[in-house]
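A.B. asks: Mind folding the following:
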Amino acid sequence: MELVNHIEIPEIGLGVYKMEAGAEMNEAIGNAYQYGYRLFDTAQMYKNEEALGDALKENHIQRETVFLNSKVDNCNQGYEKTISSFHDSLKRLQTDYLDSFLIHWPGLNKERTLSTWKALEELYKAGLIRAIGVSNFEISQLEILLENCEIPPMINQIEHTPFLHDEQLNSFCKKNKIQIMAWGPLLRGKMEDDGIKEIASRYAKSPAQLLLRWNIQQGIIPIPKTKNSSRLIENISVFDFQIEPEDMAKLNAMNENMSRLIDAYNQVANRLGDEVYPNDYIISLAEKFDKNQQITELPLDMTESYLDAQTDNTNFMVIKKLRELIWHRHHPPLHHF
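C.D. replies: Residues are numbered from 1 along each chain as shown. As a prediction, this is how the structure comes out:
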């Protein structure tokens, strides 16, 4: 598969989100490489770039044989900070270039986003990045970038499953030659849907294999995440079958525009500004918030010291705001003062 600038990119990758340094990462990367994975996806936010770099070295994997992707953290956005943090990523990954580098999350501050993109353009022109792109950008955010950039984004990494299949965004990216990568393609392991299982059984494949193949047949690069050896083999064994058009249509028809994260995150960001970003704790809350469920683990009398212990100061503010949003959703005010 080729990006718009004719750089070769693998059709499937491995995400290393939450993989721990040492034996866990070393074994997962070694096995993945042996089974045929060549694209490895990390991020500054994951705090395991160094572990990935160590694992590649430990397994004697030649740098030029793999495609490394990382992402600039929201707290590192802005021209100078992006440049500086990028070089820090290179050091942690023990490499002198990245195959792709993305803006991890869009912000509400247009000027900061554009200055971050300017930094990526400069790094690209300097030969330090082979492809530049974004992650979690919607059409309106891509349009702003396209209207103000010198070099258009080549990648947009988004959440993409049959339940979140945004045909308008997909078509927009295709029209503008932006390659889509799919994070969370396996529904975070929650693949119990009867429709998915029934279609998978007709091909004698697992639900995971069906979901990955569904992405690949749309020209989308899935980035599943697992450290389990048998699942690594299972996930990459998706090039020996073809989903029939009628089954592709059935999977597409499952779309509910259901994001487990984006909508809730945007509601928080719209109130706090763009100095926030999700973490695992925020994601778990956002999933429930998005489903209109009660958040029993967030009592109103939760102390700030408890919240502060959960996360850093930035996400502490997000948790506080989520608590307010959740409370008002379940306890609408009787009066306006």
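
A.B. asks: Give me the buried stretch members for stretch 195-210, please.
C.D. replies: By neighbour count with 16 or more other CB atoms under 10 Å, stretch 195-210 contains the buried residues Ile196, Ile199, Ala200, Tyr203, Lys205, Ser206, Pro207, Ala208, Gln209, Leu210. Using the backbone N, CA and C atoms, a C-beta is placed for each residue, glycine as well.

A.B. asks: Send me stretch 98-109 as PDB with only the CA atoms.
C.D. replies: Provided in PDB are the C-alpha atoms of stretch 98-109 (Å, rounded to 0.1, in the frame of the first residue of the first chain):
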ATOM      1  CA  LEU A  98      10.100   8.400  12.000                       C
ATOM      2  CA  ASP A  99       8.100   6.900   9.200                       C
ATOM      3  CA  SER A 100       5.000   8.900  10.300                       C
ATOM      4  CA  PHE A 101       4.300  11.400  13.000                       C
ATOM      5  CA  LEU A 102       0.700  12.600  13.800                       C
ATOM      6  CA  ILE A 103      -1.100  15.200  15.800                       C
ATOM      7  CA  HIS A 104      -2.700  13.000  18.400                       C
ATOM      8  CA  TRP A 105      -5.800  15.000  19.200                       C
ATOM      9  CA  PRO A 106      -7.400  18.100  17.600                       C
ATOM     10  CA  GLY A 107      -7.700  21.100  19.900                       C
ATOM     11  CA  LEU A 108     -10.100  24.100  19.900                       C
ATOM     12  CA  ASN A 109      -7.200  26.500  19.500                       C
END
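
A.B. asks: in that stretch, what counts as buried?
C.D. replies: In stretch 98-109, counting by 16+ other CB under 10 Å, buried: Leu98, Asp99, Ser100, Phe101, Leu102, Ile103, His104, Trp105, Pro106, Gly107.

A.B. asks: which is the next helix or strand following the host helix or strand of the fifth one?
C.D. replies: Right, the one you point to is Leu102. Following DSSP states H and E, one finds Leu102 within strand 100-103. Later in the chain than strand 100-103, the nearest helix or strand by DSSP H and E is helix 110-125.

A.B. asks: tell me what that next one is packed against?
C.D. replies: helix 79-93, strand 100-103, strand 132-135, helix 139-148 (3 or more CB pairs under 8 Å, 6 or more residues apart in numbering; DSSP states H and E).

A.B. asks: elements contacting the first one?
C.D. replies: Secondary structure elements in contact with helix 79-93, counted by 3+ CB pairs under 8 Å, 6+ apart, are helix 49-58, strand 67-72, helix 110-125.

A.B. asks: With respect to Glu20, which of those lies nearest?
C.D. replies: helix 49-58 (7.0 Å; CB to CB).

A.B. asks: and for the closest one, what are the contacting residues?
C.D. replies: Counting contacts by CB atoms under 8 Å, 6 or more residues apart in numbering, the residues outside helix 49-58 that touch it are 16, 19-22, 25-26, 28-30, 40, 42-43, 63, 66, 68, 70, 89, 92-95.

A.B. asks: rerun that using 6 Å as the cut-off
C.D. replies: Contact with helix 49-58 is made by Val16, Ala21, Met25, Asn26, Ile29, Thr42, Ser89, Arg92, Leu93, Gln94, as judged by CB atoms under 6 Å, 6 or more residues apart in numbering.

A.B. asks: Stretch 230-247 too?
C.D. replies: Contacts for stretch 230-247 (CB under 6 Å, 6+ apart): Asn31, Ala32, Tyr35, Gly36, Ile199, Tyr203, Gln209, Leu212, Arg213, Gln217, Pro224, Thr226.

A.B. asks: Throw these into TSV and include secondary structure and distance to Pro152, thanks.
C.D. replies: Listed next are those as TSV, based on DSSP: H, G, I helix; E, B strand; the rest coil; distance: CB to CB, whole Å:
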residue	secondary structure	distance to Pro152
Asn31	helix	36
Ala32	helix	31
Tyr35	helix	34
Gly36	coil	31
Ile199	helix	36
Tyr203	coil	37
Gln209	helix	33
Leu212	helix	27
Arg213	helix	29
Gln217	coil	25
Pro224	coil	27
Thr226	coil	33
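
A.B. asks: Appreciated, that's everything.
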